[in-house]
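>>> whatever this is, show me its structure:
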Amino acid sequence: MVDFEQKDKYSVADLLRIMEILRAPDGCMWDRAQDHHSIRQNFIEETYEVCEAIDDEDTEHLKEELGDVLLQVVFHAQMEKEKGVFDMDDVADGICKKLIFRHPHIFGDVTVGSTDEILSNWDDLKRKEKKQETDTSTLESVSKSLPSLIRAQKLQKKAAKVGFDWPDVSGALDKVEEELAEVRAAIGGDGDVEEEIGDLIFAVTNVSRFVKVDSERAAEKTCNKFVRRFADMEQQAKAQGRQLSELTLEEMDALWDEAKKKEHRE
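Numbers count the residues shown, from 1 in each chain. I've put the predicted structure just below:
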């Protein structure tokens, strides 16, 4: 039995102690065997589950999933503590200093009149903090591990801040048409299909930025819509005593159109 007091209510300090126990030489074999890379995917999955709880407006689920994300933070910090590199207090120290530095209108004598000024100051301070001396370095600072649509929109936004942008959305729309033509040509044998499809997706994402639509969120909604309509289509087929695989493409198209009309009516 380990030396740990079980309670009705635990704190962050207790979580840190539990992680120390789990990672100790006589702790949990699985926890001891992990490193930053082996649990990297866990961090990503837990973060998305937080997002799902937010979208569902489920506060109990949100509380649980935030705990799972906090566990991942503590897990990674404990690994570095064991190596004498940094600990959880160092993590907290770093973010506290960053927040104070990037909020001079709260912790300093800077005066701002709008949220736009705050965001502009934030970007300037971030560049100074990270010693980003070139415009390219600001693009390179965007994490390569982000979902590609999010990364694309962030890259486009940063490029636009130095004037690399169209005056309005019409230029972005024209670019979509141009890239679509290049996809068609590549499929016909003139070009790299993967590259041209990537260019098309990037161009569509730029249109999203112009009209202030979150491209990742838009794609997520479309995926959800596709699942809903597919389920409706399958229900219609079952009502006819048939499986989707038994239908012709024309019959499935008809069911899809009906599912679409039903959704619009609702």
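
>>> work out for me the element Leu255 sits within.
Using DSSP states H and E, Leu255 falls within helix 249-265.

>>> so for that helix, what gets flagged as buried?
251-252, 255-256, 259 (16 or more other C-beta atoms under 10 Å). Every C-beta, even on glycine, is put in place using the N, C-alpha and C of the backbone.

>>> can I get those residues in a markdown table including distance to Phe164?
Shown next, in a markdown table, are those (distance: C-beta to C-beta, whole Å):
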| residue | distance to Phe164 |
| --- | --- |
| Glu251 | 49 |
| Met252 | 44 |
| Leu255 | 46 |
| Trp256 | 40 |
| Ala259 | 42 |
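
>>> looking at those residues, spot the one nearest Lys9.
Closest approach between these and Lys9, by C-beta to C-beta: Ala259, at 48.7 Å.

>>> show me what contacts the closest residue to Gln132 other than its chain neighbours?
Nearest non-adjacent residue to Gln132, counting by C-beta to C-beta, 6 or more residues apart in numbering: Thr138, 5.1 Å away. Shown in contact with Thr138 (C-beta atoms under 8 Å, 6 or more residues apart in numbering): 127, 132, 158.

>>> elements contacting the helix holding Leu255?
On a contact count with 3 or more C-beta pairs under 8 Å, 6 or more residues apart in numbering; DSSP states H and E, helix 249-265 meets helix 215-239.

>>> from the contact counts, what lies against the helix it packs on?
Short answer (3+ C-beta pairs under 8 Å, 6+ apart): helix 215-239 packs on helix 148-160, helix 193-210, helix 249-265.

>>> what lies in contact with stretch 172-188?
By C-beta under 8 Å, 6+ apart, stretch 172-188 touches 166, 191-193, 195-197, 199-200, 202-204, 206-207, 209-210.

>>> ok, those vs Ile39, which is closest?
When the contacts of stretch 172-188 are compared against Ile39 (criterion: C-beta to C-beta), the nearest one is Phe202, at 31.4 Å.

>>> tell me which residues touch the residue nearest to Trp122 when sequence neighbours are not counted, please.
Closest residue to Trp122 apart from its sequence neighbours, by C-beta to C-beta, 6+ apart: Arg102 at 5.5 Å. Arg102 makes contact with 121-122, 125-126, 129, according to C-beta under 8 Å, 6+ apart.

>>> want to try CSV for these, with secondary structure and neighbour count as columns?
Below are the contacts of Arg102 laid out as CSV (DSSP: H, G, I helix; E, B strand; the rest coil; neighbours: other C-beta atoms under 10 Å):
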residue, secondary structure, neighbour count
Asn121, helix, 16
Trp122, helix, 13
Leu125, helix, 16
Lys126, helix, 15
Glu129, helix, 12
